[in-house]
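Colleague: how would this look folded up:
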Amino acid sequence: MILNNRLVLRTLIAFVTVSAFGQAQGLQDSPWSGQRAGERPAWATGTSAVPSAEYRSVEAAQADQPMRRYAPRQTPSGGHMVSLQRLKNAPPPKAVREMTKGADAVAAGDREEAIRHYQKALEIHPSYIEAYNNLGVQNLKLNRIDEAIAALEKAVELDPQSAEPHLNLSVALHCAGQLDAAEYQAERAVELAPRSTAANLGLGLVLTSKGKDLEEAVERLTFAAEEHPGAMLAAAEALLQLDRPKDAHAALRYYLHQSPKATVQ
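Modeller: Numbering: from 1, shown residues only. From the prediction side, this is the model:
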């Protein structure tokens, strides 16, 4: 088999992407174990590295659209990313209890129950930023894209200086095929949290989908792979669009070598 053949290579990328992004464990093991933090892999030359990451975010992608649908991050009930707006908008204890119940329902795999608790939290405290964010996340995971966008737009409106709701809204818009709007929200997330691997992953995926600024997309995806190894698969797709099949092949091989749990299904 000649792996630098574009059709064969694209097929391999698609198959491996379904496997890697369809399983949570496919995004956990770092492909950078043999390198210093922030250092690029040997095949990625010609551009400088983005700084190391500070916070975590994006979970595994959904298998039906492996490089288009990846799950956004839900804010923990206690809230660990606190903006000035969130401090000014502190929810009452009763609303916080509903958020905690929602988080427990998510942990138990009951997304519908979680949504009910987040909605109750909003009934108690209509400007509860984290509740809007989490409501959007759970609706997105249930493929209710319009409801997710509505909730996440409200979260962004209430807290425009936090990267998290911008990134999650970008994910929802990406799933809806609204790529220009998704790019704008991902760019805002990167502006607010430039060292976030998740934000760089989101922007890299949108750029790859648009076939735009592909060198930048490869750079951002390579950086994101420090915490999200599956990003290397999207980087391989971007490299194919750049007519660099040998580099795409190297990126795919690099991912497979560093992620032994990945399989071609």
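Colleague: count of residues packed around the closest residue to Gln185 other than its chain neighbours?
Modeller: Of all residues not flanking Gln185 in the chain, Ser170 sits nearest, at 3.7 Å (CB to CB, 6 or more residues apart in numbering). C-beta: built from backbone N, CA, C; applies to glycine. Using other CB atoms under 10 Å, Ser170 has 30 other residues around it.
Colleague: so Ser170 makes contact with Leu192?
Modeller: No. With contact defined as CB atoms under 8 Å, Ser170 does not count as touching Leu192 (11.9 Å).
Colleague: Glu123 versus Pro165, what's the distance?
Modeller: 20 Å (CB to CB, to the nearest Å).
Colleague: neighbour count winner among the two?
Modeller: Higher neighbour count among Pro165 and Glu123: Pro165, with 33 against 12, using other CB under 10 Å.
Colleague: so where does the more buried one fall, helix or strand?
Modeller: helix 163-175 (DSSP states H and E).
Colleague: can you map out the helices along this protein?
Modeller: Secondary structure of the chain by DSSP state H: the helices cover 6-21, 84-88, 93-107, 111-124, 129-141, 145-158, 163-175, 179-192, 197-210, 214-224, 231-241, 245-258.
Colleague: quick one, what contacts the closest residue to Val156 other than its chain neighbours?
Modeller: Using CB to CB, 6+ apart and skipping residues adjacent in sequence, the residue nearest Val156 is Pro165, 4.7 Å away. Pro165 is in contact with 129, 132-133, 136, 152, 155-156, 159, counting by CB atoms under 8 Å, 6 or more residues apart in numbering.
Colleague: Please identify which two of those are farthest apart in space.
Modeller: Gly136 and Asp159 (12.6 Å; CB to CB).
Colleague: quick one: which of those two has more around it?
Modeller: Gly136 (29 against 23).
Colleague: picking that back up, pLDDT score for the residue nearest to Gln185?
Modeller: Reported pLDDT at Ser170 in the predicted model: 96.
Colleague: residues contacting it?
Modeller: Contacts of Ser170 (CB under 8 Å, 6+ apart): 182-186, 189, 202-203, 206.
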